[in-house]
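Chemist: sequence? don't have it. structure:
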């Protein structure tokens with residue numbers, strides 16, 4: 001039987017692999033939309049698409065989760081507390097926040113490209 005640490009590491013590897021495969025599929029289908037949904041910079045998205053199968057497995061088997069929460073604590077609380085009537089408004093608000101975050105990342109990336 002696996003001990004708790006070995007089980008946790010195996011679970012992390014499985015989650016990472018599923019995330020990487022999903023990320024690659026989203027980016028292959030629609031690069032810009034995939035980048036937005038994943039909340040990642042263009043350079044990161046391009047790097048994910050260039051990974052070989054062996055590199056994908058190696059990255060998945062790191063001892064840390066490669067995903068992160070994209071919602072702030074306040075946004076998470078709002079989502080958890082929303083009522084049925086406010087859900088459409090909350091979804092629109094979260095979409096606006098996510099778009100602003102994506103635009104800020106794109107702007108920062110663009111500024112970084114101009115510094116050579």
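Modeler: Alright, I've got the coordinates. Note that the coordinates shown come from a computational prediction; the quantities given were computed from them, not determined experimentally.
Chemist: nearest residue to residue 51 other than its sequence neighbours?
Modeler: Of all residues not flanking residue 51 in the chain, residue 59 sits nearest, at 6.9 Å (Cβ to Cβ, 6 or more residues apart in numbering). C-beta coordinates here come from the backbone N, C-alpha and C atoms, glycine included.
Chemist: I figured the one you found was touching residue 21, is that so?
Modeler: No: Residue 59 lies out of contact with residue 21 (Cβ atoms under 8 Å); the separation is 11.2 Å.
Chemist: what's the distance between the residue nearest the centre of the chain and residue 92?
Modeler: What sits nearest the mean C-alpha location of the chain, by Cα atoms, centre = their mean, is residue 38, with 3.6 Å. Residue 38 sits 20 Å away from residue 92, going by Cβ to Cβ, to the nearest Å.
Chemist: quick one, what contacts residue 60?
Modeler: Applying Cβ atoms under 8 Å, 6 or more residues apart in numbering to residue 60 gives the contacts 13, 14, 16, 17, 20, 66.
Chemist: strands of this structure, residue ranges please.
Modeler: Applying DSSP state E to the chain gives no strands.
Chemist: from the middle of its chain, how far away would stretch 37-56 be?
Modeler: Centroid displacement of stretch 37-56 relative to its chain, using Cα atoms, centre = their mean, to the nearest Å, is 11 Å.
Chemist: name the surrounding residues that touch it.
Modeler: For stretch 37-56, contacts defined as Cβ under 8 Å, 6+ apart pick out 17, 20-21, 23-24, 26-28, 31, 34-35, 59, 70, 98, 101-102, 105-106, 108-109.
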